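Student: quick one: sequence and predicted model below, then my questions.
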Amino acid sequence: MNKKFILVLIFGMVLISLVFAQPPTFNQFYGFIFNESGDPIETNVQVTAYINGSLVGSVQSVNDTYGYTDLFFAEGGIDGQIISFYVDSYFSLNYSFFEHENVTQLDLTLNYSAPIVCVDIDNDGYGDPASPSCVNPELDCNDASAAINPGMVEVCGDGLDNDCSGGDAVCDDGDSPNGGSPSGGDDTRSSFTISKTNVSLTLVQGETQQFTFVVNNTGGTVLDFTLAYDSDMLSVENSFRLLSGQTKTVTARVSASETQVVDLYVGHINITTSGVTRQILVAIEVVTKENIFDMVLEVPEDYLYVLPDNEVSFNVFLTKLIAEDIGMVTINYEIRDEDGNVILSDSGEVDVNDVASFSKKLLIPAGTPYGKYVLYSQIPYDDKIASSSVWFNIGPKSKFVEFSWIIIAGILILIILVILAIFYFKRKRTHEDVRGLGLSTSE
């Protein structure tokens, strides 16, 4: 029994080492930065590298060596993947990833006419360097912390430049981060969470629906919330107060009038406290009362984050609601931004039987700003219109999401090992108890 348990333990440790201790794959690069005329750039520029929309490497050039970049790593790729390099957010070139530990010289060009990428490592909407491609074009003075950017409220005496104004504010008497002495206390700038950031609803003309979301005060002080919305189709309570650790379920109503034009409407609900605002994007599809089709759009997980000048792939599921043979129908597609503006439109025909499903791809225009976007599809047929919508993101994907499955696998292995260990020691103790009574296990 001892040998069996030791073998099981060794096997489990091997599995854990395979999951957590895989040697990293990376490429190492250095090189020179040139302008469009081929001359070395004598100012600091930021070089970033992406694979499938995820940041895999970043380095600042050194101006006293005429645009020379220090050695840096592009990590996490596999053979054959393409690394996209950007200089000061402008696309420079693509390079094929291959697993090795050698150093590659890669000279890049700062091309102001190339597509722009927003380098926003902490995903707070502000980039470093500043870029009009970011949600907010101002410079993020600390792109490693989402709690520090030009949109934050300065908190005096906390030792941080919260709003990127150049330094921490000096507190007046009794005006510390905690409302008392300048030392200690909770920072209430972003000390609340909301359970949803985007919602999609389908309403027939004349219908009212509702959805709920939860606001949680995660800070150490009382917070007073104000809520605002920008669509006549939306309504929600105006204000409430939450004690520290308290939560509230908020109900929002969405209504479409009998004469509401069939279309997609995008609304915003802003939840604000202590100078911090979090937003819920609401996509409202209005359809006719009678429909011939039921349609559902689905964006696979691999395409929930897409970079500009890349394709977003999605699945379309159609169900015919009548018995008559219909044949070919036209399907219209649109991609709209957070304000409902159309950035891309397309259409196609499909032969519909009782149930049809297919995949389609749309190319995201180069230079499209990062942010949340809604994919909207519509089938007009015989004065009736069916539709569906789904949210996705244009921008890089967080590394944590990509590697979360590794963490889950490791936890499962540890749980199995603990169960085996408990079983082994219980069985061993039973054998010892039996021998202590002078009995054999067969009895």
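Tutor: Nice, thanks for sending it over.

Student: what's across from the residue nearest to Tyr112 when sequence neighbours are not counted in the sheet?
Tutor: Once flanking residues are discounted, Tyr112 sits nearest to Tyr90: 6.2 Å by C-beta to C-beta, 6 or more residues apart in numbering. Every C-beta, even on glycine, is put in place using the N, C-alpha and C of the backbone. Assessed by DSSP bridges, Tyr90 has beta-bridge partners Val87, Ile116.

Student: does Tyr90 touch Asn111 like I think?
Tutor: Yes: with contact defined as C-beta atoms under 8 Å, Tyr90 counts as touching Asn111 (5.5 Å).

Student: how about the helices in the stretch 301-443 of the chain?
Tutor: According to DSSP state H, counting those that start in this stretch, the stretch 301-443 of the chain carries its helices in the segments 399-436.

Student: where does pLDDT dip in it?
Tutor: 353-355, 398-407, 428-443 (pLDDT under 70).

Student: count of neighbours near Ala409?
Tutor: Other residues within reach of Ala409 by the criterion other C-beta atoms under 10 Å amount to 15.

Student: er, Gly167 actually
Tutor: 10.

Student: which residue, neighbours along the chain excluded, lies closest to it?
Tutor: Asp161 (5.4 Å).

Student: repeat that for Phe392.
Tutor: Using C-beta to C-beta, 6+ apart, the closest residue to Phe392 is Val299 (4.8 Å).

Student: next up, the contacts around Thr288.
Tutor: 204-205, 262, 383-385 (C-beta atoms under 8 Å, 6 or more residues apart in numbering).

Student: can I get those residues in CSV with neighbour count?
Tutor: Formatted as CSV, the contacts of Thr288 follow (neighbours: other C-beta atoms under 10 Å):
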residue, neighbour count
Val204, 17
Gln205, 15
Val262, 17
Asp383, 7
Lys384, 16
Ile385, 19
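
Student: out of these, which sit inside strands?
Tutor: If you go by DSSP state E, the contacts of Thr288 have 204, 384-385 in strands.

Student: quick one on the thing from earlier: identify the farthest-apart pair in the contacts of Thr288.
Tutor: Val204 and Asp383 (14.2 Å; C-beta to C-beta).

Student: about what we covered before: nearest to Cys118 among the ones in strands among the contacts of Thr288?
Tutor: Once C-beta to C-beta is applied, the member of the ones in strands among the contacts of Thr288 that ends up nearest Cys118 is Ile385, at 35.3 Å.

Student: hang on, the closest one packs against Asp263?
Tutor: No: the pair formed by Ile385 and Asp263 falls short of the contact definition of C-beta under 8 Å, at 9.0 Å.

Student: picking up where we left off before, tell me the secondary structure for the residue nearest to Gly167?
Tutor: Of the three states, Asp161 takes coil under DSSP: H, G, I helix; E, B strand; the rest coil.

Student: count the neighbours of it for me.
Tutor: By other C-beta under 10 Å, the residues close to Asp161 number 16.

Student: isn't it up against Asn149?
Tutor: No: using C-beta under 8 Å, Asp161 is not in contact with Asn149; the gap is 10.1 Å.

Student: where do the contact lists of those two overlap?
Tutor: With C-beta under 8 Å, 6+ apart, Asp161 and Asn149 have common neighbours 141-142.

Student: domains of the chain?
Tutor: With domains defined by automatic domain parsing, the chain comprises 184-289, 290-397.

Student: of those, which is nearest Gly166?
Tutor: Of all those, domain 184-289 comes closest under C-beta to C-beta, at 17.9 Å.

Student: work out the gap between that closest one and the centre of the chain.
Tutor: 19 Å (C-alpha atoms, centre = their mean, to the nearest Å).

Student: who's in contact with the spatially closest residue to Ala356 that is not a sequence neighbour?
Tutor: Closest residue to Ala356 apart from its sequence neighbours, by C-beta to C-beta, 6+ apart: Leu318 at 4.4 Å. Contacts for Leu318 were tallied using C-beta under 8 Å, 6+ apart; they are 293-295, 350, 352, 355-357, 379.

Student: one more time with 6 Å
Tutor: 293, 295, 352, 356 (C-beta atoms under 6 Å, 6 or more residues apart in numbering).

Student: okay, it and Pro137: tell me how far apart.
Tutor: Going from Leu318 to Pro137 by C-beta to C-beta, to the nearest Å gives 41 Å.

Student: Met233 too?
Tutor: 30 Å.

Student: pick out whichever of these two has more residues nearby.
Tutor: Using other C-beta under 10 Å, the more surrounded residue of Met233 and Pro137 is Met233, with 19 against 15.

Student: pull the distance from stretch 300-314 to the chain's centre.
Tutor: 12 Å.
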